[in-house]
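A.B. asks: mind looking at a prediction? Sequence and model below.
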Amino acid sequence: MLPLTPVVTLCIISYVIYKFILYPAFISPLSKIPNAHPSSPFSSLWILIKRFTHQENRTIHAAHVKHGDIVRLGPNEISVNCVDDGIRTIYSGGFEKWPWYDQFDNFGVPCMFSTAESKPHSYRRRVIANVYSKSYLQSSPEMHKISQTIIFSRLLPVLESAVTNQEPVEVLGLSHAIAMDFVTAFMFGLQNGSNFTQDVSARRQFLIPYQRRRSYFWSGELPSLKSIVKNFIPVIEPKYVQEATSYIENWTLTLTKAAEKSSTTKLSDEENVATTAPIVYNQVHQSTLKNPFPYPQELQIATELQDHLAAGHETSGITLCYLFHELSLHPELQTQLRKEFLTLSPTLDFPPSTSPPELPSPQSLDALPILQACLMETLRIHAAIPGPEPRITPSKPTSLAGSPPLPPGVRVSSQPYTLHRRADVFPDPQAWKPERWLEASEEQRAEMGRWFWAFGSGGRMCIGSNFAMQGTIPSLDV
Ligand code: HEM
């Protein structure tokens, strides 16, 4: 008989070989999926390094180009980029969010975006969604007043002054500023929102800490390791990250308190200060009244509002900036767009020809084909959220993109960067070509629409997609 210790050692070694080599490489259902890297069945190190060095989206895309619609990134992680048996299955319900989204909690409190489970998520979303619907936004007197104020009292004077003084305009900063002014005015009331379009120093005071406030890699990928070692290895979460986080959270709390005051006061316009009701604040406040969540009401409201202002200004600002960039490279499209804008009534004049100044209706802007094609093409090739949106496979084994049924608990994601670069759907996919949307047959346009995923899809799709389109469009008209 063998002595006990060698037997135990043999068992442990056999178990380790089975669990970490034989099972993942040959037996797991994931072993039938092409590997993005030879080490993928055994370790996540390769994909973690790509994430750490900001090469994730392109690396995953290259793997799909080489291997097809489904690839394995790690022992328990896959990427799927197709519509049928792909995004239609993963994002239509049943696949909850991967804990990667915990990093988007604010004040230590989950918001709608970071909530993983469907039930509390739908509770939050149901109450808020109405005010972001297209019909609400197009008929909202508040939105109309916000657009008038931002366009005529802020943006046009800034641009006129830059032209008169022959000064350059910092386009990314200005794009973020316009988006933030729209978003905060709608959320907190025009009188309480930012005026970053005109106030460049306030804009920088916010944007600099905003960009510094998260160590995305550690918070998203290795949160437990981060919380253990961050006190010993300061580079993981430097002091300036904590200071920036506090600054942004205090900024949001100040706006939230001002909105609370506006929500209980009778509002009337004062000289040079137009006022509107704090639309999103009111809605979020409503959603917390019954308060089924174990957090103080004030923080629940603030976490939600901080998420919207972050999600709203950053994505829309990036989109607007890329749109200006592409138009600057395509003067022929600028000419066509100008012609199209001149068909609108009223046209935009500055100084305005009417008092109060009037904007073309959102419906008429929506019906401009060249404008819509330019927006779609910008969102296609420069999606503001281009990377993976990770979910978790449900308890019922599910096949994806021809795979065997996958066990529960697998990390699975799709990414706009790849979906939007399908050469058979979008020929010459790397080129910015608005004409592809204008010249396509009805059938081709429907197919492009199926693969277009800039705002995600299903129950966790972007709640602000209509707001983004409506807030961005008038600025472009300018
Ligand atoms: C061009 C502009 C925008 C783009 C490309 C965009 C894109 C997206 C995408 C892809 C998602 C889903 C992300 C995921 O599941 O990982 C999302 C969610 C979300 N977006 Fe946007 N977004 C934009 C503008 C806005 C605006 C203007 C707002 C608010 C004012 C907003 C608020 C949100 C919120 C709250 C969610 C979470 C929805 C939920 O979990 O139910 N977004 N967005």
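C.D. replies: Sure thing, it's come through.
A.B. asks: ok, L225 touching S219?
C.D. replies: No. Contact criterion CB atoms under 8 Å: L225 and S219 do not qualify, at 10.7 Å. Bear in mind the C-beta positions are built from the backbone N, C-alpha and C, glycine included.
A.B. asks: of the two, who's got more company?
C.D. replies: Higher neighbour count among L225 and S219: S219, with 19 against 12, using other CB atoms under 10 Å.
A.B. asks: nearest spatial neighbour of that one, chain-adjacent residues omitted?
C.D. replies: Q103 (3.8 Å; CB to CB, 6 or more residues apart in numbering).
A.B. asks: now do G86
C.D. replies: V80 (4.8 Å).
A.B. asks: neighbours of the one you found, just the number please.
C.D. replies: Neighbour tally, V80, other CB under 10 Å: 25.
A.B. asks: check contacts around the residue nearest to S219.
C.D. replies: S114, R214, Y216, S219, G220, P223 (CB atoms under 8 Å, 6 or more residues apart in numbering).
A.B. asks: so which of those residues is the closest to L159?
C.D. replies: R214 (32.5 Å; CB to CB).
A.B. asks: what about F188, how many neighbours?
C.D. replies: 29.
A.B. asks: so who does it touch?
C.D. replies: By CB under 8 Å, 6+ apart, the contact list for F188 reads L255, T256, A258, A259, S262, P278, V280, Y281, L305.
A.B. asks: measure it to K261 for me?
C.D. replies: Relative to K261, F188 is positioned 10 Å away (CB to CB, to the nearest Å).
A.B. asks: hmm, who's touching stretch 198-214?
C.D. replies: Contact with stretch 198-214 is made by 103, 154, 157-158, 173, 176-177, 180, 194-196, 240-241, 243-245, 247-248, 251, 310, as judged by CB under 8 Å, 6+ apart.
A.B. asks: sorry, back to before: return the item of the contacts of Q103 having minimum pLDDT.
C.D. replies: When the contacts of Q103 are sorted by pLDDT, the bottom entry is R214 at 75.
A.B. asks: and the gap between that one and the ligand?
C.D. replies: 15 Å (CB to the nearest ligand atom, to the nearest Å).
A.B. asks: rewinding a little: how about the contacts of Q103 in CSV, adding distance to A373?
C.D. replies: Below are the contacts of Q103 laid out as CSV (distance: CB to CB, whole Å):
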residue, distance to A373
S114, 34
R214, 35
Y216, 33
S219, 38
G220, 34
P223, 41
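A.B. asks: SS state for the residue nearest to S219?
C.D. replies: helix (DSSP: H, G, I helix; E, B strand; the rest coil).
A.B. asks: tell me the pLDDT of it.
C.D. replies: 93.
A.B. asks: roughly how far apart are it and the ligand?
C.D. replies: Q103 is 12 Å from the ligand, by CB to the nearest ligand atom.
A.B. asks: which ones among the contacts of F188 are found in helices?
C.D. replies: L255, T256, A258, A259, S262, V280, Y281, L305 (DSSP state H).
A.B. asks: least confident of these?
C.D. replies: Scoring the ones in helices among the contacts of F188 by pLDDT puts S262 last, at 94.
A.B. asks: how far away is it from F206?
C.D. replies: 20 Å.
A.B. asks: can you check Q336 too?
C.D. replies: For Q336, the distance to F206 - CB to CB - is 36 Å.
A.B. asks: count the residues that sit near A277.
C.D. replies: 17.
A.B. asks: can you give me the helices in the stretch 1-150 of the chain?
C.D. replies: Residue ranges of the helices in the stretch 1-150 of the chain, as given by DSSP state H, counting those that start in this stretch, are 4-17, 45-52, 56-67, 88-90, 118-129, 134-139, 141-148.
A.B. asks: what about the shortest one, average pLDDT?
C.D. replies: Just to be clear, that refers to helix 88-90. On average, helix 88-90 scores 98.
A.B. asks: check which residues of that helix are buried.
C.D. replies: Residues of helix 88-90 classed as buried by neighbour count (16 or more other CB atoms under 10 Å): T89, I90.
A.B. asks: hmm, who's touching that helix?
C.D. replies: V80, F95, R391, T398, L400, V412, S413, S414, S457.
A.B. asks: which members of those are the farthest-apart pair?
C.D. replies: T398 and S457 (16.8 Å).
A.B. asks: so where do the strands sit in the stretch 351-478 of the chain?
C.D. replies: 391-392, 411-413 (DSSP state E, counting those that start in this stretch).
A.B. asks: now do the shortest one: distance to the chain's middle.
C.D. replies: Same thing as strand 391-392. Offset of strand 391-392 from its chain centre (CA atoms, centre = their mean, to the nearest Å): 17 Å.
A.B. asks: repeat for the longest one
C.D. replies: In terms of CA atoms, centre = their mean, the centre of strand 411-413 is set 17 Å apart from its chain centre.
A.B. asks: do that strand and the ligand meet?
C.D. replies: No. Judged by CB under 6 Å from any ligand atom, strand 411-413 stays clear of the ligand, getting no closer than 8.7 Å.
A.B. asks: which residues touch the residue of the chain found nearest the ligand?
C.D. replies: Closest residue of the chain to the ligand, CB to the nearest ligand atom: G464 (2.1 Å). Contacts for G464 (CB under 8 Å, 6+ apart) come out as Y132, V183, H308, A311, G312, T315.
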